[in-house]
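have a look at this prediction, sequence included:
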2 protein chains.
Amino acid sequence: MASESYKTAPETSTSWEKEEDRPPVAPPRQPPQSRASAAYFALVDVILRFLLFASALAAVLVMVTSKQTEIVPIPIYPFQAPASAKFNHSPAFIYFVAALSAVGFYSIITCLFSLFALLRPGSCPKVVSHFVIFDVLFLGIVAAATGTAGGVAYIGLKGNSHTGWRKICNIYGEFCRHIGASVAVSLIASILLALLVLFSISSLSKKIPR
Amino acid sequence: MASESYKTAPETSTSWEKEEDRPPVAPPRQPPQSRASAAYFALVDVILRFLLFASALAAVLVMVTSKQTEIVPIPIYPFQAPASAKFNHSPAFIYFVAALSAVGFYSIITCLFSLFALLRPGSCPKVVSHFVIFDVLFLGIVAAATGTAGGVAYIGLKGNSHTGWRKICNIYGEFCRHIGASVAVSLIASILLALLVLFSISSLSKKIPR
């Protein structure tokens, strides 16, 4: 009985020792497929943010360079005088320039952060994953700015017979083309921001580490 | 010795039997805390969607009931004639009503789905988790509508001396108050949509099952 107990005892202890001797297997924190997905998501993020920066910059530049001076008739007939159309004659366009400048500034900063996260994965995951909150806020701001400038530009293009607001695009054609192009580019910026948000949601729902 | 070994053996076997006798504990697929979080998130989702519906409905109703008729001077002095101000005199306000109607319709449908998901958890997780995509799109649409209507309303309130657009709110005060209230309520709708998107992102990043 004693020998049997001695026989069994070492076996048990060996099995315990073996388990203890095993090198501690760390759980794989990021499988290769997930790493590839993370790199892909980071790359698309950088590209979208760069495009956002480019479109915001283009919209602001086209808007602020829209000044046009024309010789127009003044109330004292038959005299004429030069008159300018500038973006800062309308509060809507001033808001537009402010909003698009802010989003351009934001996009260049986040683009650099995303690029840094792409080149050194896991270096700043907290910061990059929180960009989506500001993306949502800027989506609202840029969409509102696009709508505001577009609404005022439409009155300039077509006028409004009910309120007696005359159209001005028959006189200031170049100015109106600048405004129209700027609003179109800011619409692209809004779409890019919506894509950025949807892309972040997609990466979150697929549980891809950032 | 023998009696001692017999004493100990049954004890060991009993302990093994006890462990085997235990009913097999299935691994909890959803811990209670996670279930509670899911219910909390679903409840807040329903409340936000109901508020969104209420604000969209209020904005549309206030806008479409803004008609005001006033006696205004006509070009042939000294005659006067009644003239109306209606929301459908401006394409900006027509777009506003269309966008807010669409978001109201969308919010009542999603509110019912969310309510169903709250009462019967796991009944339609796929559908509810995909609402966030449309939330982002509607955020853009409603923010743009708010901006458009706000921009045109501001011209009506202040006019624009540079382009010769006269203000109309000194004549149609009631109309302008309706427009202003409607734009303010639609701004609340935009904020609610942004909150819904941020809330979905928060629930996704915390990996809460929907």
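On my side now, so go ahead.

from now on I want contacts and neighbour counts done on CA atoms only, so please keep to that.
OK.

kindly indicate whether residue A:101 is helix, strand or coil.
helix (DSSP: H, G, I helix; E, B strand; the rest coil).

let me know whether it touches residue A:56 as I believe.
Yes - counting by Cα atoms under 8 Å, residue A:101 touches residue A:56, with 6.8 Å between them.

give me the more crowded residue out of the two.
Taking other Cα atoms under 10 Å in any protein chain shown, residue A:101 and residue A:56 do not tie; residue A:56 has more neighbours (29 against 18).

need the pLDDT of residue A:146.
pLDDT for residue A:146: 96.

count residues in the vicinity of it, would you?
Residue A:146, neighbours per other Cα under 10 Å, totals 32.

near chain B at all, the host helix or strand of it?
For residue A:146, the host element (DSSP states H and E) is helix A:125-158. Yes - counting by Cα under 8 Å from any Cα of the partner chain, chain B has neighbours in helix A:125-158: A:133, A:136-137, A:139-141, A:143-152.

show the subsequent helix or strand relative to the helix or strand bottoming out on mean pLDDT in chain A.
Across the helices and strands of chain A, mean pLDDT, DSSP states H and E gives its lowest value to helix A:2-21, namely a mean of 47. Following helix A:2-21 in sequence order, the next helix or strand is helix A:32-64 (DSSP H and E).

in that following helix, what counts as buried?
Buried residues in helix A:32-64, counting neighbours by 16 or more other Cα atoms under 10 Å in any protein chain shown, are found at A:35, A:37-39, A:41-43, A:45-46, A:48-60, A:62-64.

what comes up buried for the helix or strand just after that helix?
Remark: after helix A:32-64, the chain's next helix or strand is strand A:68-73, criterion DSSP H and E. Neighbour-count burial for strand A:68-73, counted by 16+ other Cα under 10 Å, picks out residue A:68.

stretch A:111-118 now?
Within stretch A:111-118, the residues that qualify as buried are A:111, A:113, A:114, A:115, A:116, A:117, A:118, counting by 16+ other Cα under 10 Å.

and if you look at stretch A:133-146?
Of the residues in stretch A:133-146, A:133, A:135-146 count as buried by neighbour count, 16+ other Cα under 10 Å.

neighbouring contacts of the one helix or strand residue A:81 maps to?
According to DSSP H and E, residue A:81 maps onto strand A:80-85. If you take Cα atoms under 8 Å, 6 or more residues apart in numbering or on different chains as the criterion, strand A:80-85 is touched by A:66, A:67, A:68, A:69, A:70, A:71, A:72, A:73, A:74, A:172, A:175, B:162.

which pair in those residues spans the largest distance?
Greatest spatial distance among the contacts of strand A:80-85 (Cα to Cα): A:66 and A:74, at 22.4 Å.

look at these two and report which has more neighbours.
Per other Cα under 10 Å, whichever of residue A:66 and residue A:74 has more neighbours is residue A:66, with 18 against 12.

measure that one to chain B for me?
In this view, residue A:66 and chain B are 15 Å apart by Cα to the nearest Cα, to the nearest Å.

isn't that residue right up against residue A:181?
No - proximity of residue A:66 to residue A:181 does not meet the contact threshold set by Cα under 8 Å, at 10.3 Å.

who touches both of the two?
Counting by Cα under 8 Å, 6+ apart, nothing touches both residue A:66 and residue A:181.

who touches stretch A:161-181?
Identification of contacts with stretch A:161-181 by Cα under 8 Å, 6+ apart yields A:59, A:62-63, A:65-70, A:85-86, A:150, A:153, A:155-160, B:85, B:89, B:163-166, B:168.

buried among those? Make that a ChimeraX selection.
Remark: buried members of those, expressed as a ChimeraX selection using 16+ other Cα under 10 Å:
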select /A:59,62,63,66,67,68,85,86,150,153,155,156,157,159,160 /B:85,163,165,166,168
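
residues contacting residue A:54?
By Cα under 8 Å, 6+ apart, residue A:54 lies in contact with residue A:104.

ok, so what distance separates it from chain B?
Going from residue A:54 to chain B by Cα to the nearest Cα gives 20 Å.

please apply the same query to residue A:171.
Distance, residue A:171 to chain B, by Cα to the nearest Cα: 11 Å.

surely that residue is within a helix?
No - going by three-state DSSP, the assignment for residue A:171 is coil, not a helix.

okay, now it: neighbour count?
Residue A:171 has 15 neighbours, counted by other Cα under 10 Å.

just to revisit the earlier point, pLDDT and distance to chain B added to the buried residues of stretch A:111-118, as CSV?
Formatted as CSV, these follow (pLDDT from 0 to 100; distance: Cα to the nearest Cα, whole Å):
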residue, pLDDT, distance to chain B
A:111, 92, 21
A:113, 88, 20
A:114, 88, 18
A:115, 89, 22
A:116, 87, 22
A:117, 83, 18
A:118, 84, 20
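
circling back: specify which member of the contacts of strand A:80-85 is nearest to residue A:203.
Nearest to residue A:203 among the contacts of strand A:80-85: residue A:66, at 40.1 Å, using Cα to Cα.

ok, that closest one - contacts?
A:85, A:86, A:87, A:174, A:175, A:176, A:178, A:179.

those in strands, which ones?
The strands, defined by DSSP state E, take in residue A:85 from the contacts of residue A:66.

so which of the contacts of residue A:66 are in helices?
Among the contacts of residue A:66, DSSP state H puts A:174, A:175, A:176, A:178, A:179 in helices.
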